[in-house]
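> Pasting the sequence and the predicted coordinates here, then a few questions.
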Amino acid sequence: MQTGLFDKNGTPINIGDKTRLVLDDGEVRVFDVCFKTVKRTTVKTLPGFEPETTEVSITGVFFCWEGYDLLPCVDENGVPDVSKMEVMKKIFPSKKTVEMIKDDDGHYVPRFTQQEEWILCSERLPEEGVSVLMTVQHMDVQMGYFENGVWYETSTDFRFLDNAVIAWMPLPEIYKVCS
């Protein structure tokens with residue numbers, strides 16, 4: 001899902017990406033880009049209103065770091081912090097939709113429906129021996145598994161050459177009949 005934000009190189013920042021920010025003192029922070037609803041309890045109300053603070057739920061793009069859910073900010077010079085970030089791990093947009101539904105407390109929260117996203121083998125490999133969908137270079141999508149550093153096609157145990165499998169994704173959940 002696109003956020004409408006861009007990093008210092010002009011790369012679009014999408015939900016699910018990892019970004020890196022180097023602070024003025026050299027500290028490096030790595031963020032997960034998330035779309036979520038966060039409750040805040042220290043929001044001040046207008047002068048003369050009671051109570052002086054209230055709880056609000058904010059739904060939007062957050063940069064998640066070490067347990068903190070941070071909104072995009074602008075520094076004292078008016079420079080957005082996202083323009084100082086760099087996308088480290090690019091998540092390719094998938095067929096994902098968001099709808100807002102009411103939770104048990106009557107608050108609107110996001111609900112996602114999506115097709116699983118392809119994971120590049122250079123980024124991460126699946127758990128060994130677990131069947132997945134895999135994209136094979138110059139071929140098509142196959143079902144297979146990864147074991148002891150080698151990719152195999154599930155039904156025949158055909159062994160693929162090194163680097164032939166370029167991406168994979170978990171198998172979808174089995175269809176369940178609603179009663």
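Cool, got the structure.
> so what's Trp118 up against?
Phe92, Thr135, Ala167, Trp168, Met169 (CB atoms under 8 Å, 6 or more residues apart in numbering). In short, each C-beta sits where N, CA and C put it, glycine included.
> hmm, what's the outermost residue in the protein?
Residue farthest from the centre of the chain, counting by CA atoms, centre = their mean, is Gly48 at 41.3 Å.
> Three-state assignment for that one, please.
coil (DSSP: H, G, I helix; E, B strand; the rest coil).
> helix or strand for the residue nearest the centre of the chain, which one?
The residue lying closest to the centre of the chain (CA atoms, centre = their mean) is Gly16, at 1.5 Å. Following DSSP states H and E, there is no helix or strand that holds Gly16.
> quick one: it from Val165, how far?
22 Å (CB to CB, to the nearest Å).
> Which strand residues bridge Glu147?
Residues in a beta bridge with Glu147, per DSSP bridges, are Val150.
> quick one: it from Ala164, how far?
15 Å.
> Any regions of the chain where pLDDT drops low?
By pLDDT under 70, the weakly predicted segments of the chain are 1, 89-100, 108-116, 174-179.
> Outside of the longest strand belonging to it itself, list whatever touches it.
The strand spanning the most residues in the chain, taking DSSP state E as the definition, is strand 28-44. The contact list for strand 28-44 (CB under 8 Å, 6+ apart) reads 1, 3, 13-23, 52-65, 69-70, 85, 88, 98, 107-110, 112.
> if you set the cut-off to 6 Å instead, what comes out?
Applying CB atoms under 6 Å, 6 or more residues apart in numbering, the set of residues contacting strand 28-44 from outside is 13, 15, 17, 19-22, 53-59, 61-65, 69, 109.
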